[in-house]
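**Q** Output the structure for:
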Amino acid sequence: MLIALATYTLTREATASFWDTGEFIACANQLGIPHPPGSPLFNLLGRFFILLFSGGNNANVASAVNLLSATASGFTILFLFWTITHFARKMFVNHGKDLSPQQLITVMAAGVVGALAYTFSDTFWFSAVEGEVYALSSFFTALIIWAILKWEHAFELAKDITEKEQENIFMPSSMANLTWKRTLRFWHILICATNVV
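**A** From the prediction side, this is the model:
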């Protein structure tokens, strides 16, 4: 993540590039409404970055909004790394078991190679250095996928607890109720997050 964040921060656009970036930067600066669908979260976060990183100088406004995209893209790479290592770990061991040192090196290497390959891919890098909504959208997509995997991990942990404590007859029904409530809450959060982006 640090490599990605440093790369995107150092290579970000100093001003507005072509297409919609000028519109998004101007709207973030004045909290206006860009073309539909409007992207209000991007505008609010862009304004926050302008207040933090422009130093009150209008010449630095575009650079501050571009820094938002660079930061969101850096965190996208972090969540991608965690997702890759999650799947690579599942290839070697079941839930709750430890990896051998060689397996751990393999899992981490898979995560590093996958994350760095995506970091330096042309399309992703291009959207990571300009004040456009694609970087923030990629961040939320990576975050949601990672959250789904963490939810799956928590469910497996709860399932292990119920299997080990067979004498507790209420645990399976409690877990089913909890799972149902979490599933509804998860879909509600997912729908709200996609509407925000």
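
**Q** Apart from its chain neighbours, what residue comes closest to residue 45?
**A** Nearest in space to residue 45, with sequence neighbours left out and distances taken as Cβ to Cβ, 6 or more residues apart in numbering, is residue 68 at 5.7 Å. Every residue, glycine included, has its C-beta placed from N, CA and C.

**Q** The helix or strand harbouring the one you found: how far from the chain's middle?
**A** In this assignment (DSSP states H and E), residue 68 forms part of helix 61-92. Helix 61-92 has its C-alpha centroid displaced from the chain centroid by 6 Å (Cα atoms, centre = their mean, to the nearest Å).

**Q** which parts of the following helix or strand past that helix are buried?
**A** Following helix 61-92 in sequence order, the next helix or strand is helix 101-119 (DSSP H and E). Applying a neighbour-count criterion of 16 or more other Cβ atoms under 10 Å, one finds 106-108, 110-111, 114-115, 118-119 buried in helix 101-119.

**Q** pLDDT below threshold where in this protein?
**A** 95, 155-197 (pLDDT under 70).

**Q** at 90 what do you get?
**A** 1, 9, 11-40, 42, 53-60, 90-100, 126, 129, 131-134, 148-197 (pLDDT under 90).

**Q** returning to that earlier point: just send the buried residues of helix 101-119 back as TSV, with distance to residue 127 too.
**A** Formatted as TSV, the buried residues of helix 101-119 follow (distance: Cβ to Cβ, whole Å):
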residue	distance to residue 127
106	31
107	28
108	27
110	24
111	22
114	18
115	16
118	12
119	12
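
**Q** For the residues you listed, name the two members farthest from one another.
**A** With Cβ to Cβ as the measure, no two of those lie farther apart than 106 and 119, at 20.1 Å.

**Q** Pull up the gap between the residue nearest to residue 1 when sequence neighbours are not counted and residue 36, please.
**A** Among residues not flanking residue 1 along the chain, residue 78 sits closest, at 3.8 Å (Cβ to Cβ, 6+ apart). According to Cβ to Cβ, to the nearest Å, residue 78 stands 31 Å off from residue 36.
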